[in-house]
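*Asks:* sequence first, predicted model second:
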Amino acid sequence: MATASSTLLFDDIFTIDSIDAEGRKFDRVSRLRARSKNYDMDLTLDYNNELFPLKSGQSFALALASSLQRSGASKSDGAGDDGEEKEQDVWRPDGKGRRGLEDDYHYVMYGKVYKFDGANTEIVTVYASYGGLLMSLTGSFRHLTSIVLGDPIYLLIRQ
């Protein structure tokens, strides 16, 4: 699990149980269902299957982050005088600017946490939307305490 000073909110290894079990609704979008190895979390995730092809039974590392900025970055890495980071400089399509967490992953999406279920129970579900591609992550609230309703969130995957 991530430390308090880290931009990582959650990370674990998942194994895919199924892909498009209920059929495919869009040409380039698939929905996977996976289970994590370390924290016994259940994941349902829509993703672009052309950009990032996956297969049932395959494992991947998934991280959720509040920022692409690496923890421990100094002011010279783009933080302003008031200590706030310049998020727009973390990733640029021309390859210039600071390099962040995206360099360590193969597939990255940016979205927003829009719903929590089970806030008063041991098991909770976090829902996020990444431009219409949806994610739900279900498991012990202890592993999801850093995720805040309404906050922006990055999803990062590597094989």
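*Replies:* Nice, I can see it.
*Asks:* so which elements touch the one helix or strand residue 125 maps to?
*Replies:* Assigned by DSSP states H and E, residue 125 belongs to strand 123-130. Of the remaining helices and strands, those touching strand 123-130 by 3 or more Cβ pairs under 8 Å, 6 or more residues apart in numbering; DSSP states H and E are strand 107-117, strand 133-140, strand 152-158. All C-beta spots, glycine's among them, are computed from the backbone N, C-alpha and C.
*Asks:* mind putting those strands into CSV with mean neighbour count and distance to residue 67?
*Replies:* Formatted as CSV, the helices and strands packed on strand 123-130 follow (neighbours: other Cβ atoms under 10 Å; distance: least, Cβ to Cβ, whole Å):
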stretch, mean neighbour count, distance to residue 67
strand 107-117, 16, 10
strand 133-140, 19, 18
strand 152-158, 19, 7
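*Asks:* wait, which of these is closest to residue 45?
*Replies:* The minimum distance between residue 45 and the helices and strands packed on strand 123-130 falls on strand 133-140, with 4.9 Å, by Cβ to Cβ.
*Asks:* taking their axis directions, that closest one and strand 123-130 sit at what angle?
*Replies:* Interaxial angle, strand 133-140 versus strand 123-130 (axes from the mean of the first three to the mean of the last three Cα atoms, to 10 degrees): 160 degrees.
*Asks:* tell me the angle of strand 133-140 relative to strand 152-158?
*Replies:* 90 degrees.
*Asks:* partners of strand 133-140, with directions?
*Replies:* strand 42-48 (antiparallel), strand 123-130 (antiparallel) (DSSP bridges).
*Asks:* tabulate the CA atom coordinates of it in CSV.
*Replies:* What follows is strand 133-140, C-alpha atoms only, in CSV (Å, rounded to 0.1, in the frame of the first residue of the first chain):
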residue,chain,number,x,y,z
LEU,A,133,-14.8,4.2,-19.3
LEU,A,134,-15.9,3.0,-15.9
MET,A,135,-14.1,1.3,-13.0
SER,A,136,-15.4,-0.3,-9.8
LEU,A,137,-13.0,-1.5,-7.1
THR,A,138,-14.5,-3.5,-4.2
GLY,A,139,-12.8,-4.6,-1.0
SER,A,140,-11.8,-3.7,2.5
